[in-house]
Structures are given as structure tokens and as C-alpha cells.
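In: One predicted model, sequence on top.
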Amino acid sequence: MKTFYLVRHAKSSWDSSDLKDVERPLNERGLKDAPFMAKLMRSKGVQPDLIVTSPAIRALTTAAYFKNELGVEGEDFWVRDEIYEAMSVTIVDLINRLPESCNTVLIFGHNPTFTSVANMFSDKYIDNIPTCGVVCIQSKAMTWPEVTGNNSEVAGVFYPKESFGY
């Protein structure tokens with residue numbers, strides 16, 4: 001069984017118009033939500049084999065909180081440029097190319113793509129993954145290339161303000 005989590009970055013700051021979008025940091029709320037959600041995932045027993053993140057500062061910072069809280073080693077923390085401004089098909093392709101040695105992976109990125117990808121695996125429409133929202137998707141597939149919407153489903157949705165299992 002393969003499990004992956006789509007994690008939208010925590011709330012980012014728009015305070016500096018001089019920064020490029022990829023350079024925007026987390027704002028005050030994001031700096032509270034990211035460690036809170038990382039602790040929530042730890043309390044639920046999440047033990048990732050790998051974290052894969054967008055290079056955007058807001059995603060990297062969010063992922064770093066999860067990395068530290070969940071005890072992920074440096075070599076199991078990957079930055080992938082293709083996640084930033086990705087289309088849904090790019091994220092699904094990334095999922096299908098994950099290392100077979102990994103069974104549980106956290107992927108950090110952006111909307112609207114992550115909401116679109118989550119809906120590919122859900123029988124209940126997800127309107128929007130809010131900032132620092134986490135969607136857990138479990139697959140019956142034994143290998144990553146076999147992971148599809150036909151053999152996988154949303155097993156839980158977790159937001160800073162509310163969380164619920166399916």
C-alpha cells in the first residue's frame with residue numbers, strides 16, 4: 001500500500017512587493033499553523049519515508065516544520081522545481097515516479113493544483129484546500145506507477161481550523 005499526503009503551504013506574506021512570488025515567506029499565521037499541523041500529523045502517527053517540496057520559500061518553510069517534527073533525515077527531504085506552478089498532471093507524474101523504497105510521502109506545494117489533484121482521488125468534492133491543509137490519499141497500489149484514482153482514495157482531510165477523516 002502506498003500513501004501520500006498533499007500539503008498546501010502555510011499562509012504566506014504579501015507585505016513586500018519587492019519579492020518575487022517564489023521568495024514570499026510565511027506570515028504570522030503561517031508561522032503558527034505550520035508547526036501546529038506538523039504536530040497534528042505526528043499525533044496521528046504519520047511517519048514519512050520522504051518529503052518532497054516546491055522550492056518556494058513558503059512551501060520550503062512549511063515542509064521544514066514537518067521535517068523537524070516528524071524526524072525526517074536530510075537525504076529524505078527533496079526540493080523539486082517542477083512542483084512550483086505545476087499543472088495537476090505534473091504532480092501525478094511526480095507521484096508515479098516516487099522511489100519504490102518509500103511507502104509514505106509528504107508533498108508540499110500550491111493551489112489551485114493541489115485541490116485539483118486531491119479531487120482526482122476523491123469521491124467527495126473538495127472545494128479548496130486551505131493554507132496548511134493536508135489531504136491524505138491511500139492507494140491499494142503496490143508500486144507508485146500503479147497509483148491512480150481507480151485504486152486510491154482520500155482517507156483524511158486536515159485543516160488548521162478543522163480536521164476530519166473520511
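Out: Right, received. Where do you want to start? Numbering: from 1, shown residues only.

In: Quick check: beta-bridge partners of the closest residue to Phe77 other than its chain neighbours?
Out: The shortest distance from Phe77 to any non-neighbouring residue, by CB to CB, 6 or more residues apart in numbering, is to Ile51 (4.9 Å). Any C-beta I mention is one placed from the backbone N, CA and C, and that applies to glycine too. Using DSSP bridges, the beta-bridge partners of Ile51 come out as Phe77, Leu106.

In: and the gap between Ile51 and Lys140?
Out: Noted for Ile51: a distance of 23 Å to Lys140, by CB to CB, to the nearest Å.

In: ok, the residue nearest to Phe77 - how many residues close by?
Out: 22 (other CB atoms under 10 Å).

In: just Ser116 next, same as before
Out: Counted by other CB under 10 Å, the residues lying close to Ser116 total 16.

In: pretty sure it is touching Ser88, no?
Out: Yes - look at Ser116 against Ser88 with CB atoms under 8 Å: they come within range, at 4.5 Å.

In: For the residue nearest to Phe158 when sequence neighbours are not counted, list each beta-bridge partner.
Out: The spatially closest residue to Phe158, leaving aside those adjacent along the chain, is Val134, at 4.3 Å (CB to CB, 6+ apart). Here Val134 shows beta-bridge partners Val7, Phe158, assigned using DSSP bridges.

In: Contact partners for Met41?
Out: Shown in contact with Met41 (CB atoms under 8 Å, 6 or more residues apart in numbering): Tyr5, Phe66, Glu69, Leu70, Val134, Phe158.

In: From Ala10, how far out is the second one?
Out: It refers to Phe66. If you measure Phe66 against Ala10 using CB to CB, the figure is 10 Å.

In: Could you do the fourth one as well?
Out: Taken as CB to CB, the spacing of Leu70 relative to Ala10 amounts to 16 Å.

In: Figure out how far the lengthiest helix in the chain is from the centre of its chain.
Out: For the chain, the helix with the greatest residue count under DSSP state H is helix 28-43. Centroid displacement of helix 28-43 relative to its chain, using CA atoms, centre = their mean, to the nearest Å, is 13 Å.
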